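A.B. asks: Let's see this in three dimensions:
(4 chains)
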2 protein chains.
Amino acid sequence: MKRLKIGAASIRDVAQAAGVSVATVSRVISKPDYPVAEATRQRVRDAAQQLGFTPNALARGLARSRTDTIGIVVPGITNPYNAVMVEAIDREARENGLRTLLGLTSGDEDRREEVIEDLVSRRADGLIICASAADHRAGRTPAQLGVPAVLVGEQPNPGFPMVKTDNHRAGYQATEYLWSLGHRSFIYLTTRESWHDFHQRGEGMQAFLSSRSERHVLEICDGLFGEVDAYRRISEACSAGLSATAILASTDRHALGALAALTDAHLPVPAGVSVMGFDDYVTSGFIRPSLTTMQMPVAEMGRTAVALLCDVLGGKPAEHETLFNAELIERGSTATVADAP
Amino acid sequence: MKRLKIGAASIRDVAQAAGVSVATVSRVISKPDYPVAEATRQRVRDAAQQLGFTPNALARGLARSRTDTIGIVVPGITNPYNAVMVEAIDREARENGLRTLLGLTSGDEDRREEVIEDLVSRRADGLIICASAADHRAGRTPAQLGVPAVLVGEQPNPGFPMVKTDNHRAGYQATEYLWSLGHRSFIYLTTRESWHDFHQRGEGMQAFLSSRSERHVLEICDGLFGEVDAYRRISEACSAGLSATAILASTDRHALGALAALTDAHLPVPAGVSVMGFDDYVTSGFIRPSLTTMQMPVAEMGRTAVALLCDVLGGKPAEHETLFNAELIERGSTATVADAP
DNA sequence: CTGAAAGCGCTTACAG
DNA sequence: CTGAAAGCGCTTACAG
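C.D. replies: Residues are numbered from 1 along each chain as shown, chains lettered A, B, ... in the order given. Presented below is the predicted three-dimensional model:
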């Protein structure tokens, strides 16, 4: 008669049931190609199966000083951009034999420190830290962090491998495209102070504009945090008499709000005003007019981040900055500027 | 001169540096109100601080047979519904002193089993399992799972505490609302076979309809998985000559696709056709026409799930089924039926 | 091919 | 208020 155990079966229970040592059990459980007699192997497997044995990853990690786990630090996942990123990272990690630990910071700096601390205390082998609005600890170096990490998106921390999309260039291109359509009067919707990606996009926009000698005007609407803010700002602009013919939004979320505002103000898009965003949320292709946007290779960035981290973990030197390019997705919300009829 | 340690400092290093036993260090580190002389406490803290000591959660969990961690099993987070759910769970867990472990299943049954296995092996104290399209292991009981769990959303597993929104009722109400606007000819966009929530919503719709003696017609478009599918189906329906005056979509994603199709087919919404969804994605309030929808209390469900799990973990009996109600959010995409002019 | 034993870093009765 | 010691469940040289 078997004694009733409290809690889950351990490797020892399995060893006992199979009549072998724990070392042997450990080998058949976690070293697939360690030489073990086939008969023994089978007995161990049967015993494990029968006892409903689930190896204790805590003990394993403790013994190996390695958890095959990477932590993902991200402000939130409610934003499709981050959600896609996290899923891509998770998938790629899994394909490299790694599990994932998600740390949500809510875009808060203190919280972020706690989250990193927590991930380290759970002994994640490495970290992937995604850019966030306001929670950068600028200037922190790899040595201070104490665990290998790669950064995704614009972040002011020196010394880490970093993967990002060339936001400056994307902003430049977007503006160039709008310019080619004949637009000369722009509004840029953004949150410059906090989100570095947005900032770079705006810089790119200004870089393009200052390269033109032709007369033009750019108005920057700063401090926008979501559809609502963008909606309000553009609504106000409309009732004040909108002079811009093109609105570039630092993200599709802002663009969505702007689009709603224009529609409500009976300003036709793109006939009256062109609107363009960044990021290409799934939604953006289905709203009407559909949104022209700069598509970021989010999933690819995520996968690259994992690959880089794997390199670092494997002792290989990692590329220091991996740059991707955004792609212009031309849709219905932009058109040649309508000269006043 | 200090000896160079490999890896992070341990409790023993701290003990040595502070000139106390590891037991004492353990107490000041993780038992805030265990009586320890103030001077000792301070010395330990200083030493820990100075060594950059980060407690090893693996060792702690192993020793305590408890990790203060709950696993979240969810098909994906790319869907706003799940993303909001996960964030709500994470926040509520944190407020209860629990950390969270995210397991992504991609809506695949095998993967889901792996994920659960993984979470168990990492010794999550409990699980919150969110409903998913096709990855239910119907009929599994708590005993078979081996770890406390609560289910969120319609799932065919008996014996677990379960929190959900009354989808049947929501479907009933949505239809009742449409009916009250004069609609008698409906299309229901769904994926009946796999997603239980959708199924219940449809059942509710049919329940309402069969309670009416007045003549009406309902066409069910099944097998839809996203905006694209909905778009295609409604586009086809339009070119075949749409007879329905109201489209009820089992989720806002379907509704978004339908709306795009109608717009592209030059069928005015809501003047020609009314469209209504479920879930209330943030997007839905900003598209034009804005989408009438049944709002689900997602965050509240997530919080409740955590509370329930805490009850179970604390040995308290948990409510067996907690039912929430959806709320009708009336917006621009629905209107009184337009009798043919 | 297999096992005994030390060790991973903590916690927690048990003594004092 | 403090410490010595056993134990949590694994892994991994080291022997055989």
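A.B. asks: residue in chain A nearest to DNA strand C?
C.D. replies: Per CB to the nearest atom of the strand, A:P35 is where chain A lies closest to DNA strand C, at 2.4 Å. (C-beta placed from N, C-alpha, C; glycine too.)
A.B. asks: Get me the contact residues on the stretch 1-150 of chain A for chain B.
C.D. replies: Proximity of the stretch 1-150 of chain A to chain B, by CB under 8 Å from any CB of the partner chain, involves residues A:7-8, A:52, A:54-59, A:61-62, A:65, A:67, A:76-78, A:80, A:83-84, A:86-87, A:90-91, A:99-102, A:104, A:106, A:117-118, A:120-123, A:146.
A.B. asks: Show me where chain A has its strands.
C.D. replies: Along chain A, counting by DSSP state E, strands occupy A:69-74, A:99-104, A:126-130, A:149-152, A:162-165, A:185-189, A:217-221, A:246-249, A:274-279, A:292-295, A:321-324, A:327-329.
A.B. asks: Most tightly packed of these?
C.D. replies: Most buried of those, by mean neighbour count (mean count of other CB atoms under 10 Å in any protein chain shown): strand A:246-249, with a mean of 30.
A.B. asks: List the contacts of stretch A:77-91.
C.D. replies: Residues from elsewhere that reach stretch A:77-91 (CB atoms under 8 Å, 6 or more residues apart in numbering or on different chains): A:70, A:72, A:74-76, A:100, A:102, A:104, A:128, A:130, A:152, A:251, A:253, A:279, A:281-283, A:296, A:298-303, A:305-306, B:76-78, B:80, B:83-84, B:86-87, B:104, B:106.
A.B. asks: coming back round to it: just the pLDDT for the residue of chain A closest to DNA strand C.
C.D. replies: pLDDT, A:P35: 91.
A.B. asks: distance of it from A:V14?
C.D. replies: Using CB to CB, to the nearest Å, A:P35 is found at 19 Å from A:V14.
A.B. asks: between the two, who's got more neighbours?
C.D. replies: More neighbours surround A:V14 than the other of A:P35 and A:V14, with 27 against 7 (other CB atoms under 10 Å in any protein chain shown).
A.B. asks: Read off the pLDDT value for the more buried one.
C.D. replies: pLDDT for A:V14: 95.
A.B. asks: mind checking the end-to-end distance for stretch A:171-190?
C.D. replies: Length of stretch A:171-190, first residue to last, CA to CA, to the nearest Å: 12 Å.
A.B. asks: Just the buried positions in the worst-scoring helix or strand of chain A on mean pLDDT, please.
C.D. replies: In chain A, the helix or strand scored least confidently by mean pLDDT, DSSP states H and E is helix A:142-145, which has a mean of 80. Buried residues in helix A:142-145, counted by 16 or more other CB atoms under 10 Å in any protein chain shown: A:P142, A:L145.
A.B. asks: How far does it sit from its chain's centre?
C.D. replies: 21 Å (CA atoms, centre = their mean, to the nearest Å).
A.B. asks: just stretch A:12-31 next, same as before
C.D. replies: Once both centres are worked out by CA atoms, centre = their mean, stretch A:12-31 turns out to sit 41 Å from its chain's centre.
A.B. asks: How about the contacts made by the residue of chain A closest to DNA strand C?
C.D. replies: The contact partners of A:P35, taken as CB under 8 Å, 6+ apart, number zero.
A.B. asks: is any part of stretch A:32-44 close to DNA strand D?
C.D. replies: No. Under the criterion of CB under 7 Å from any atom of the strand, stretch A:32-44 makes no contact with DNA strand D; the nearest approach is 8.3 Å.
A.B. asks: Now do that stretch: distance from first to last residue.
C.D. replies: Stretch A:32-44 end-to-end distance (CA to CA) = 13 Å.
A.B. asks: what does stretch A:129-147 give?
C.D. replies: For stretch A:129-147, the first and last residues are 12 Å from each other (CA to CA).
A.B. asks: Test my guess that A:D229 contacts A:E236.
C.D. replies: No. The criterion here is CB atoms under 8 Å, and A:D229 misses it with A:E236 at 10.9 Å.
A.B. asks: The two - which one has more neighbours?
C.D. replies: A:D229 (17 against 13).
A.B. asks: if I look at A:A307, how far off is chain B?
C.D. replies: For A:A307, the distance to chain B equals 19 Å [CB to the nearest CB, to the nearest Å].
A.B. asks: Around that residue, how many other residues sit close by?
C.D. replies: 16.
A.B. asks: in the stretch 1-150 of chain A, which spans are helices?
C.D. replies: A:11-18, A:22-30, A:38-51, A:57-64, A:80-95, A:109-121, A:142-145 (DSSP state H, counting those that start in this stretch).
A.B. asks: any idea which of those helices is most buried?
C.D. replies: A comparison of these by mean neighbour count, using mean count of other CB under 10 Å, puts helix A:80-95 on top with a mean of 22.
A.B. asks: and it, C-alpha only, in CSV?
C.D. replies: Coordinates of each C-alpha in helix A:80-95 appear next as CSV, following Å, rounded to 0.1, in the frame of the first residue of the first chain:
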residue,chain,number,x,y,z
PRO,A,80,-1.5,46.3,-30.0
TYR,A,81,2.1,47.3,-30.7
ASN,A,82,3.3,45.8,-27.4
ALA,A,83,0.9,42.9,-27.6
VAL,A,84,2.3,41.8,-30.9
MET,A,85,5.8,42.3,-29.6
VAL,A,86,5.2,40.2,-26.6
GLU,A,87,3.7,37.4,-28.5
ALA,A,88,6.5,37.4,-31.0
ILE,A,89,9.1,37.3,-28.2
ASP,A,90,7.2,34.5,-26.5
ARG,A,91,7.0,32.4,-29.6
GLU,A,92,10.6,32.9,-30.6
ALA,A,93,11.8,32.2,-27.1
ARG,A,94,9.9,29.0,-27.0
GLU,A,95,11.4,27.9,-30.2
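A.B. asks: Could you find the closest non-adjacent residue to A:S21?
C.D. replies: A:A15 (5.9 Å; CB to CB, 6 or more residues apart in numbering or on different chains).
A.B. asks: same question, A:A18
C.D. replies: A:A47 is the one closest to A:A18 (CB to CB, 6+ apart), at 3.9 Å.
A.B. asks: I figured the one you found hits A:V22, correct?
C.D. replies: No. Between A:A47 and A:V22 there is no contact under CB under 8 Å: 11.9 Å.
A.B. asks: can you redo the helices of the stretch 1-150 of chain A as JSON lines with distance to B:H320?
C.D. replies: Shown next, in JSON lines, are those (distance: least, CB to CB, whole Å):
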{"stretch": "helix A:11-18", "distance to B:H320": "33"}
{"stretch": "helix A:22-30", "distance to B:H320": "37"}
{"stretch": "helix A:38-51", "distance to B:H320": "30"}
{"stretch": "helix A:57-64", "distance to B:H320": "31"}
{"stretch": "helix A:80-95", "distance to B:H320": "32"}
{"stretch": "helix A:109-121", "distance to B:H320": "33"}
{"stretch": "helix A:142-145", "distance to B:H320": "46"}
